[in-house]
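Asks: here's my sequence, what's the structure:
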Amino acid sequence: MKNSIFYTSDLLTPAYIYDHVSIISALDKLVDLKEKTDCLPLYSIKSANMVGLLEIIKPYVSGFSCSSLFEARLAAEVLEQSQTIHITTPGYRHDEWDNIIELCDFVTLNSINHWDTIANKKDVSTSPGIRLNPELSFVNDERYDPCRPDSKLGITLEQLAMANLKQEWDWECIEGVHLHNNCKSTHYEELKHSVEKVMTGLLEFNLKLKWINLGGGYLLNGEMNLTPLETTIKWLQDKFNVDVYLEPGRAITDEAGYLVSTVIDLIKSKNKMIAVLDTTINHLPEVFEYQYQPKVMTASVHGKYEYCLVGCSCLSGDLFGDYYFDKKIEIGSRVVFENIGAYMQVKANMFNGINLPATYLLCRDKKLKLIKKNDYETFRDLV
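Replies: Predicted coordinates:
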C-alpha cells in the first residue's frame, strides 16, 4: 500500500510528497477532454511550481498559465518551443511589460489602464485579451470569490460598454477573452451559464476573437459529469470559431499532495493531550488563512484517542485542530496531512527560522525521490 511508505521510510520530515500516479491520473482526464473537444489544456503553475513537478506535467498540456513575470520566466525554462505561455494578473508593473511581452504568447489585461499600456506597444507578437468579470458569484465565501462585490479581477460588461461609448478601445487589437469566476467547483453548469452571459454580452461589440480562456476554479475528480463542459467548449468553437483554453491548477495537484510530519513532543494539558509536530501552519498557510482543518491520514471519527495537533512555531494559533486516532500517538510517530498539493508549497514561509519541508516525488515504483532539500542558507538568503 502506497500510504505505508509515509510511515516506514527514512525520509526527512517535515516533507511534501507528490504522488506521480495521482498527478498522471488527473492529467489523463485532461487528455481525454482534449481528444473529445479539441480544447487546449494549460497548467496553472501558481498551484505548485517545483521544476520536477512541472517536468511531469509538461507533456500533457499545451502550455502553462502564469500570474507574474517570475512564473513566466520559470515556464519559459521548462516548456518546449512549441508550447505556449499565458499570463493574467491584476498586478502588472510598468517596468516589467517589455519582459512579459517578450516571454508570453498570450497576455490577458485586467483593466482599461492595462489595455492602454499594451495598445501603445507596436509590432508585438503577443496575443492580447481581456479578463471579463461576468458578475456571477457561485462561491459562498467572498475570500474565494473572483466576482465578489467591488472585485479587482476583470472588467465588467458594463465597464466595457462605457469604454466603447467613450471610444477608449482599439477593438481590433482584442484577440481573446479570459473568464475565471469560480473556486473548487464541481458544477460545470455554472461555467456554461457564465460563458453564455459573457459571449452574449460581447455580441454588440463585434469582436473578432481568436481564443477564449475558461480559466480554472473547477475540479476534475471522481465521476464528475463533464458533459456541460464539453458542450460549452463545442458551442464556443462552432459559434465563434475560437480556440478554447482551460487552465486547471488545484484540479491537477491538490489530491496528489501530502505533508509528512513527526511528533516531537507530547504535552498533557488540563483538558486534552497536545501533540507538537515538527511542521507548522506556515507550511500549510491556507489552513490559517481560511481557518479550516486539514485531513489527516489514519485519523478516525470514532477513534479512542484524542490529540490536538499543533505546529512548532511560537505562534499561539499554530494549530491544525483536534483529531481522534485508533492508536496512541507517541514521540516519533508520523502524522500525514492529505490533499494539500495546491497553494501550500508555493505559499510556505520560514517564520521563526523553521526550515521549509523537503520535497519528494512518490514515483510509479513506490519509491521516494528527493526533489528539493532546504537548509540554513535557504533561510539566510531569504532575510
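
Asks: dihedrals phi and psi, Lys58?
Replies: Dihedral pair for Lys58: phi -50, psi -50, per degrees, to the nearest 10.

Asks: Thr13: what secondary structure?
Replies: For Thr13, the assignment made with DSSP: H, G, I helix; E, B strand; the rest coil gives coil.

Asks: over to Ile331?
Replies: Ile331 - assigned by three-state DSSP - is coil.

Asks: okay, now it: neighbour count?
Replies: Ile331 has 11 neighbours, counted by other CB atoms under 10 Å. (Glycine included, C-beta is placed from N, CA and C.)

Asks: now it, nearest residue through space, not along the chain?
Replies: Using CB to CB, 6 or more residues apart in numbering and skipping residues adjacent in sequence, the residue nearest Ile331 is Val263, 5.5 Å away.

Asks: and for His94?
Replies: Thr117 (7.1 Å).

Asks: can you pull the pLDDT of that neighbour?
Replies: Here the pLDDT value assigned to Thr117 is 75.

Asks: right, and it touches Arg93 too?
Replies: No. With contact defined as CB atoms under 8 Å, Thr117 does not reach Arg93; the gap is 10.4 Å.

Asks: between those two, point out the one with more neighbours.
Replies: Taking other CB under 10 Å, Thr117 and Arg93 do not tie; Thr117 has more neighbours (14 against 11).

Asks: now that one, what's its secondary structure?
Replies: At Thr117 the chain is in helix, as set by three-state DSSP.

Asks: how near is it to His180?
Replies: 21 Å (CB to CB, to the nearest Å).

Asks: and Ala48, by the same measure?
Replies: To His180, Ala48 is 18 Å away according to CB to CB.

Asks: for the nearest residue to Tyr144 once chain neighbours are set aside, give me its contacts.
Replies: Spatially, and ignoring its direct neighbours in sequence, Tyr144 is nearest to Cys183 (4.1 Å; CB to CB, 6+ apart). When contacts are counted by CB atoms under 8 Å, 6 or more residues apart in numbering, Cys183 touches 139, 144-146, 217.

Asks: which among the residues you listed end up buried?
Replies: Buried by 16 or more other CB atoms under 10 Å: 139, 145-146, 217, out of the contacts of Cys183.

Asks: between these, which is closest to Gly129?
Replies: Taking CB to CB as the measure, Gly129 lies nearest Pro146 of these, at 16.2 Å.

Asks: quick one on the thing from earlier: that's a strand at the residue nearest to Ile331, yeah?
Replies: Yes. With three-state DSSP as the criterion, Val263 is part of a strand.

Asks: centre-most residue in the chain?
Replies: The chain has Ser47 as the residue nearest its centroid, 2.9 Å off, counting by CA atoms, centre = their mean.

Asks: hmm, that one is touching Gln345, no?
Replies: No. In this structure, Ser47 is not within contact of Gln345 by CB under 8 Å, at 9.2 Å.

Asks: contacts for stretch 304-322, please.
Replies: Contacts for stretch 304-322 (CB under 8 Å, 6+ apart): 264, 269, 272-284, 287-288, 293-294, 296, 323-329, 335, 337, 351-352, 354.

Asks: in helices, which of the contacts of Cys183 fall?
Replies: Nothing among the contacts of Cys183 maps onto helices, per DSSP state H.

Asks: show me the two of the residues you listed that sit farthest apart.
Replies: Asp145 and Gly217 (10.1 Å).

Asks: return the distance of the helix-or-strand element of the chain with minimal mean pLDDT from the chain's centre.
Replies: One helix or strand of the chain scores below all others by mean pLDDT, DSSP states H and E: helix 112-119, with a mean of 76. Chain-centre distance of helix 112-119: 26 Å, with CA atoms, centre = their mean, to the nearest Å.

Asks: need the residues that contact it.
Replies: Outside helix 112-119, the residues that reach it (CB under 8 Å, 6+ apart) are 92, 94, 97, 101, 107, 109, 124, 126, 128, 130, 155, 159, 163, 168-170, 173.

Asks: where do the strands sit along the stretch 201-350 of the chain?
Replies: Counting by DSSP state E, counting those that start in this stretch, the stretch 201-350 of the chain has strands at residues 211-213, 243-246, 257-268, 273-277, 295-296, 305-310, 319-325, 334-338.

Asks: would you reformat these as CSV and include distance to Gly63, mean neighbour count and mean pLDDT?
Replies: Converted to CSV, the strands of the stretch 201-350 of the chain look like this (distance: least, CB to CB, whole Å; neighbours: other CB atoms under 10 Å; pLDDT from 0 to 100):
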stretch, distance to Gly63, mean neighbour count, mean pLDDT
strand 211-213, 11, 23, 98
strand 243-246, 8, 22, 98
strand 257-268, 22, 19, 98
strand 273-277, 38, 19, 98
strand 295-296, 32, 16, 98
strand 305-310, 39, 18, 98
strand 319-325, 36, 18, 97
strand 334-338, 29, 22, 98
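
Asks: of those, which is nearest Glu196?
Replies: Nearest of the strands of the stretch 201-350 of the chain (CB to CB): strand 211-213, 12.2 Å.
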